[in-house]
Every structure is written in C-alpha cells, then in structure tokens.
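*Asks:* Need coordinates for the below:
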Amino acid sequence: MTRFKKSIFAVALLAAASSFTLPARAGLFDDEEARKAILDIRNRIDGLRRDVDVKLEAKADKNSLLDVASQNEQLRQEVAKLRGQLELLTNDLANTQQRQKDFYIDLDTRLRKLEPQKLTVDGKETNVEPAEQKTYEAALALFKAGDYKNASASFFDFLRRYPDSGFAASAQYFLGTAYYAQRDYRNAITAQQAVIKNYPDSPKAADAWLNIASSHAELKDRPAAKKALESLVSQYPNSPAAQTAKERLAGLR
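*Replies:* Model prediction:
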C-alpha cells in the first residue's frame, strides 16, 4: 500500500471510529454490541477502501489516457512523416515509369527505323532496309543534281551492295542513263541491257530499250538503233516509250 493510500485509510479508520458512540447507560460494550460495532466498522472501512481504490484507479486511468494521447500524437507525427515519404516515393516511381516508357518508345522508334519497311517501288510492294533506301536516294539526288560521274559511281556501288533490292531495276537504269549523260555510250548500252535481261517486268525495261537505241544512234550505228526501237515496240507496245520509238522509226525510213 502506498503512503497516499495508507493516509487515506488511516483517516477513514479514524472517521469510522469516531462515528461510533457507546451506549450511555453502561459505558461498556457487551459481546453482542461489540461484534456489531466491529462488523459495522469493518464494513465502513471496506467501503472506504473501495472508494480509495476507485479513486486511485481513476487517477491511474487519467494518467494512462494522457500517455495514450501522447503516444497517439507521436504516431500521428510518424504517420505524417511516412505519408510524406510515401508521396515522394510515389512521385519518383511515376517519374521513373515515365522515363522507362519514353525510353522504350524511343528504342522502339529506333528499332523500327532499322527494320525493313514495306514500300511500293515501280508498282510492286517490296521490303526495303532503311540504309538501302538512304543509299539509293543519295545516288538519285546526285543524278538529279547533274553530278553524273558521282551518280554512276554511287549507283554501281548500290547494285554491288544490294543486288536483290526493290530499287535494283531503277538503279541499273539510272546507271545506264548516267553513263549516257557522260557520253559513255558503250557502258550505257551494257548497263541498259542488264535492265532488260534481269528486270524484264520492270517499267524501266521499255525506257532501257529507248536509251539503248539513243546510244547506238550516238555511236552512228543506225541499224542497231533501229533494231532496238523495233524490239521496244514489239515487247512493250503499250508503254509510253513505245510511242516515242514509233515516232523515231518513222524518221529512220
């Protein structure tokens, strides 16, 4: 029992004792009265003790509540701190995911640029590698710029690197035309004959015959020029080049 509790109990005992009065006629207890008085005091003491215990427990509960409140405040602060950290982590995660998404999109775009692309070349659908297309277009740009020497070298290199390309027929034709523009008529004829032999279904084949005829005419080989024009009309009668060949044949008669 604590000092506080002992003090309260002593006061209670004194109060209980002082509240009991002796019978006036004798000044002494008989046995029955003594037992009743003792029982009454014990009951009062027990009641006071219960009251003291309740008060002490109530005080302890108040202290406990204060402790709980303090702990709750600490927990709220910890939760607030954790929520702040969680928000930062969530934001970092979202940024990381976005960077990963952008990376994969960029990677996919780059890979697609390296993958063969389906293109329609001379009316036919074909798969063309990006590097292949870039090389062909670079050679064609030289040809259109009038740089026939470098254009012929570029087309020759293209055909060496991409012999099965969908651009091969056109590259072969422009190679012959570049030779013709440089007045290299014999190489022009050889190049255009390769178009007719290797790519007979290409729209460039009819134009190749016309270029061959022109090359023979420049070499003053009239019979060979006439034969080339006749072959053109015979093999590709519905082509625009055939109409030009008919007009030239009429001039040769």
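*Asks:* Skip ahead from the strand or helix carrying D92 and say which helix or strand is next.
*Replies:* Using DSSP states H and E, D92 falls within helix 31-114. The C-terminal neighbour of helix 31-114 among helices and strands, as given by DSSP H and E, is strand 117-121.
*Asks:* what residues go with each domain of this structure?
*Replies:* Following the assignment in automatic domain parsing, the chain carries domains at 3-106, 117-252.
*Asks:* Just confirm F167 contacts T120, I think it does.
*Replies:* No: using Cβ atoms under 8 Å, F167 is not in contact with T120; the gap is 11.7 Å. C-beta: built from backbone N, CA, C; applies to glycine.
*Asks:* So if I had to pick from these two, which one is more boxed in?
*Replies:* Set F167 next to T120 and count neighbours by other Cβ atoms under 10 Å: F167 wins out with 24 against 9.
*Asks:* what residues are up against the more buried one?
*Replies:* Residues counted as contacts of F167 (Cβ atoms under 8 Å, 6 or more residues apart in numbering) are 121, 128, 132-133, 136, 158.
*Asks:* same question, P200
*Replies:* Counting by Cβ under 8 Å, 6+ apart, P200 has contacts Q235.
*Asks:* For it, report the pLDDT, please.
*Replies:* Per-residue pLDDT puts P200 at 95.
*Asks:* which SS class is it?
*Replies:* Look at P200: counting by DSSP: H, G, I helix; E, B strand; the rest coil, its state is coil.
*Asks:* Tell me how far it lies from I212.
*Replies:* 14 Å (Cβ to Cβ, to the nearest Å).
*Asks:* And for R160?
*Replies:* Look at R160 and I212: by Cβ to Cβ, they are 22 Å apart.
*Asks:* Same drill for those two, tell me which one is more crowded.
*Replies:* Applying other Cβ under 10 Å to R160 and I212 shows that I212 carries more neighbours, namely 28 against 8.
*Asks:* Who are the contact partners of K226?
*Replies:* So K226 contacts 213, 249, 252 (Cβ under 8 Å, 6+ apart).
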